[in-house]
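J.: below is the sequence, then the predicted model.
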Amino acid sequence: MKIIALVAPRGGTGRSTLVANLGRVLAEKARTLLLDLDPQNSLGLLLGMEVLEERGLATPGFTRARAAELLGEAKPEVPYIPFGRPPIRVRFDLGASLLADPDWLRRRLDDLCPPETEFVLLDVAAGHNIWQQQALAVADIALVVLSADPVCYALVPGFEQALTEAPRNASGPRRDLYVVNCVDPRKALARDVRDATFHALGDAVFPTGLVDDEAVREAAAHRQTVAHYAPHSQFLADLRHLAAWLLEARP
């Protein structure tokens, strides 16, 4: 089982949208499971599920059997486990537990993931937080999602340092890779930021970026993936290249 953690230095980079759509593409070739590690619980919306779903990863007593039950009821485009909506006190207690137990997520994945799972994609809450630390400790690949804007570009050096200092997968080396998302080729600033990122990160960045495609927003509005809503879109073509790049870049 290979684990890809999608992380971002800040919100608004399109990370959750990328998790849903990349998961859909990978699921065409391998048994893929998506997990939401963001208390906002928004990933499910992109897969046709309810954002108010109370069951999930952070809910006490949520087992593999209950996960299978949830998936059977909701039937998302890609098998998906939400974060859940535990009471606020439970969430605070969980946060304290994660600080004291760096292997919590590793055990949780062992409990929840079916044995036949080949790829797990983690949608990790943006910024520096305990969920990011837990995710990086289990990830084979950390895919850093950047948007093509100057603010996000300015955050890259600090985020690189955070990745260097973060826990690493005890079972093997983690590879840190970057993708520039939401690139509008009509805008000179977006092109400049994309090119500057390529120059700064070299082989660690997906070499073309992902185009800012209206089909992505339209698909999200219909609570579908782009593969379902706009199978001939440029974004989907870019995404298939990204999936192939990730598979070749596996540790």
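T.: Perfect, I can see it now.
J.: contacting residues for R223?
T.: Shown in contact with R223 (CB atoms under 8 Å, 6 or more residues apart in numbering): 45-48. All C-beta atoms are positioned from the backbone trio N, CA, C, and that covers glycine.
J.: same for the lowest-mean-pLDDT helix or strand in the chain, what does it pack against?
T.: The least trusted helix or strand in the chain, going by mean pLDDT, DSSP states H and E, turns out to be helix 88-100, with a mean of 88. In terms of contacts (3 or more CB pairs under 8 Å, 6 or more residues apart in numbering; DSSP states H and E), helix 88-100 is packed against helix 104-112, helix 130-138.
J.: run the chain-centre distance for the last one.
T.: Put plainly, it is helix 130-138. 12 Å (CA atoms, centre = their mean, to the nearest Å).
J.: and the next helix or strand past it?
T.: strand 141-147 (DSSP states H and E).
J.: buried stuff in that next one?
T.: 141-147 (16 or more other CB atoms under 10 Å).
J.: cool, stretch 40-57 as well?
T.: 41-49, 53, 55-57.
J.: dump these into CSV; add secondary structure, distance to E28 and pLDDT as well.
T.: Converted to CSV, the buried residues of stretch 40-57 look like this (DSSP: H, G, I helix; E, B strand; the rest coil; distance: CB to CB, whole Å; pLDDT from 0 to 100):
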residue, secondary structure, distance to E28, pLDDT
N41, coil, 26, 87
S42, coil, 23, 88
L43, helix, 19, 92
G44, helix, 20, 90
L45, helix, 22, 89
L46, helix, 17, 91
L47, helix, 15, 90
G48, coil, 18, 85
M49, coil, 20, 85
E53, coil, 25, 85
R55, coil, 27, 91
G56, coil, 25, 93
L57, coil, 25, 93
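J.: and those, which is closest to R174?
T.: L57 (20.8 Å; CB to CB).
J.: I'd say the closest one and Y80 touch.
T.: No: using CB atoms under 8 Å, L57 makes no contact with Y80, being 10.6 Å away.
J.: how would you label I3: helix, strand or coil?
T.: Three-state call for I3 (DSSP: H, G, I helix; E, B strand; the rest coil): strand.
J.: report the beta-bridge partners for it.
T.: V120 (DSSP bridges).
J.: quick check: which ranges of the stretch 101-250 of the chain have low pLDDT?
T.: Applying pLDDT under 70 to the stretch 101-250 of the chain flags the ranges 250.
J.: just the helices in it please.
T.: Taking DSSP state H, counting those that start in this stretch as the test, the helices found in the stretch 101-250 of the chain are 104-112, 130-138, 150-165, 188-201, 214-221, 226-229, 234-248.
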